[in-house]
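K.L.:
I would like the atomic coordinates for the input below:
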Amino acid sequence: RISSSLSKRDTISVCGVILDCVESLIGSYSAKDLGRTLFALSELQASRVSLLQQISSQAIKLVDSLDQEDVSLICWSMARFGMLHTRMIRTLYRHCDRYKLVEVMTPNQVAQMMWSAAMLSS
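P.N.:
You can find the predicted model right below:
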């Protein structure tokens, strides 16, 4: 029988496998991979504090490779998790300022940055 959705148990199982996979590969991720992966995890609402910390550390390492899309996705996704990694956020904001990324962001990306700042400061 074909079903249009997974059971809660199956969803939890699949998310566990995904998190294990991401944790094992995170060190090889590009800047683009980080933003997209974090976005997908936030949509699934699947996370582990240790994985979010690894992603934050990798974002700091790759900061010079991050474009405006990557920065806005990372900030927005971390805010959805309520995960304030102060060093990473400060590094990303400085990167935005240094390279004037906000000037080339789409209105949606600017909104993501504003929303994440509001969520992480409350």
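
K.L.:
longest helix anywhere in this structure?
P.N.:
Ranked by residue count and defined by DSSP state H, the top helix of the chain is helix 8-25.

K.L.:
tell me the mean pLDDT for whichever helix or strand comes after that helix?
P.N.:
Sequence order places helix 31-44 as the next helix or strand after helix 8-25, per DSSP states H and E. The average pLDDT within helix 31-44 is 93.

K.L.:
tell me the phi and psi of residue 83?
P.N.:
phi -100, psi 110 (degrees, to the nearest 10).

K.L.:
other SSEs contacting whichever helix or strand residue 90 is part of?
P.N.:
Secondary structure assignment for residue 90, by DSSP H and E: helix 86-98. Helices and strands touching helix 86-98, by 3 or more Cβ pairs under 8 Å, 6 or more residues apart in numbering; DSSP states H and E, are helix 49-61, helix 68-81. Using the backbone N, CA and C atoms, a C-beta is placed for each residue, glycine as well.

K.L.:
helices and strands around the longest one, which ones?
P.N.:
Pointing back at helix 68-81 there. Helices and strands in packing contact with helix 68-81 are listed as helix 31-44, helix 49-61, helix 86-98, helix 107-121; criterion 3+ Cβ pairs under 8 Å, 6+ apart.

K.L.:
can you redo those as CSV with distance to residue 25 and mean neighbour count?
P.N.:
As requested, the helices and strands packed on helix 68-81 are exported to CSV (distance: least, Cβ to Cβ, whole Å; neighbours: other Cβ atoms under 10 Å):
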stretch, distance to residue 25, mean neighbour count
helix 31-44, 8, 19
helix 49-61, 10, 18
helix 86-98, 19, 16
helix 107-121, 25, 15
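
K.L.:
take those and write them to JSON lines, including distance to residue 22.
P.N.:
Output for those, formatted as JSON lines (distance: least, Cβ to Cβ, whole Å):
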{"stretch": "helix 31-44", "distance to residue 22": "6"}
{"stretch": "helix 49-61", "distance to residue 22": "6"}
{"stretch": "helix 86-98", "distance to residue 22": "17"}
{"stretch": "helix 107-121", "distance to residue 22": "21"}
